[in-house]
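Colleague: task: produce atomic coordinates for the following.
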Amino acid sequence: MSGGGSAEMEIAMQLREMATDIGGREQLAIQAFADATEVIPKALADSAGMDPVDTLVQLRSKHKGKSGRSFGIDIFTNKIKDMEQLGVIEPTKVKYQAIASATEATVSILRIDDMISSKGSRPAGGGGMPPGGMGGMGDE
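Modeller: Numbers count the residues shown, from 1 in each chain. Below you'll find the model as predicted:
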């Protein structure tokens with residue numbers, strides 16, 4: 001898998017494309033996840049002394065076409081280049097595990113958010129014991 005933030009950029013592009021077909025709250029969640037995947041190329045650009053916003057715009061432009069999937073940040077020249085041509089690669093297994101872990105964390109947060117949201121919509125006074133305990137049990 002090519003490095004330099006190219007994999008994360010491609011994932012973000014694919015997620016954004018998918019989000020447009022979904023709509024609603026799910027679309028917002030997918031777009032937020034896409035934004036989160038762009039943290040890697042943004043951090044690379046910032047560390048290399050490049051403008052992160054300009055760099056992301058350039059990367060998005062390159063990744064629009066199928067031939068641009070391996071374009072990433074060359075930190076030695078501060079330019080967007082084809083990482084496969086430069087031989088900049090990352091272990092697929094490590095990348096897969098990082099993405100899987102991030103996805104699991106995101107799903108957990110969304111589930112907790114749904115649980116909190118559903119608790120707020122319950123009718124008042126549901127559940128629990130009546131005042132005074134168990135109603136005379138154990139008074140014998």
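
Colleague: give me the element the residue positioned nearest the centre of the chain is part of.
Modeller: Taking CA atoms, centre = their mean as the criterion, F33 is the residue nearest the geometric centre of the chain, at 2.7 Å. For F33, the host element (DSSP states H and E) is helix 24-37.

Colleague: hang on, the residue nearest to the centre of the chain packs against R16?
Modeller: No. Contact status for F33 versus R16: not in contact, 9.8 Å apart, counting by CB atoms under 8 Å. For glycine as for every other residue, the C-beta is placed from the backbone atoms N, C-alpha and C.

Colleague: tell me how far the helix holding F33 lies from the chain's centre.
Modeller: 7 Å (CA atoms, centre = their mean, to the nearest Å).

Colleague: give the buried residues for that helix.
Modeller: Within helix 24-37, the residues that count as buried by 16 or more other CB atoms under 10 Å are A29, I30, Q31, F33, A34, A36, T37.

Colleague: from D21, how far off is the last one?
Modeller: Computed as CB to CB, to the nearest Å, the T37 to D21 distance reads 18 Å.

Colleague: which elements pack onto the helix or strand of the chain with the lowest mean pLDDT?
Modeller: Least confident helix or strand, the chain: helix 92-120 with a mean of 83, by mean pLDDT, DSSP states H and E. In terms of contacts (3 or more CB pairs under 8 Å, 6 or more residues apart in numbering; DSSP states H and E), helix 92-120 is packed against helix 24-37.
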